[in-house]
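> Sequence isn't available, so here's the structure alone:
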């Protein structure tokens, strides 16, 4: 490995450690706002079972999201955001 690249990597790890310990603030922070899953599902007019099938998750997972016991993360959160913004297009693409 290139010495300069390795040095940058070590510096990044030290900075991450300082941020986690609260000794330094992060230069930027990204927060995703996930829409309320129940409202998104209601917007589509699908049942829990149908919406869960479209998202390829279990009904129990969907129920946990709707009751806010858990929150969707990663690709599921992104997909729910897409469905909330353009439900017709998203559902058409997912059913294809």
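Great, that's in hand. Values in this document were obtained by computation on a predicted structure and should not be read as measured data.

> Quick check: the gap between residue 86 and residue 54.
Counting by C-beta to C-beta, to the nearest Å, the separation of residue 86 from residue 54 is 14 Å. (Each C-beta comes from the backbone N, C-alpha and C, glycine too.)

> For these two, indicate the residue with more neighbours.
Set residue 86 next to residue 54 and count neighbours by other C-beta atoms under 10 Å: residue 54 wins out with 18 against 12.

> quick one: contacts for that one?
Counting by C-beta atoms under 8 Å, 6 or more residues apart in numbering, residue 54 touches 46, 91, 94, 95.

> And for the lengthiest helix in the chain, what's in contact with it?
Longest helix of the chain, by residue count under DSSP state H: helix 3-21. Helix 3-21 has contacts (C-beta under 8 Å, 6+ apart) with 24, 25, 26.

> average pLDDT for stretch 61-73?
Mean per-residue pLDDT for stretch 61-73: 95.

> Check whether residue 41 really touches residue 65, as I assumed.
No: counting by C-beta atoms under 8 Å, residue 41 stays clear of residue 65, with 9.3 Å between them.

> residues making contact with stretch 88-96?
44, 54, 79, 82, 83.

> Per-residue pLDDT of the most far-flung residue of the chain relative to its centre, please?
The C-alpha centroid of the chain is most remote from residue 3, which lies 35.8 Å away (C-alpha atoms, centre = their mean). Listed pLDDT for residue 3 reads 91.

> re earlier: give me the subset of the contacts of stretch 88-96 lying in helices.
Using DSSP H, these in helices are 44, 54, 79, 82, 83.
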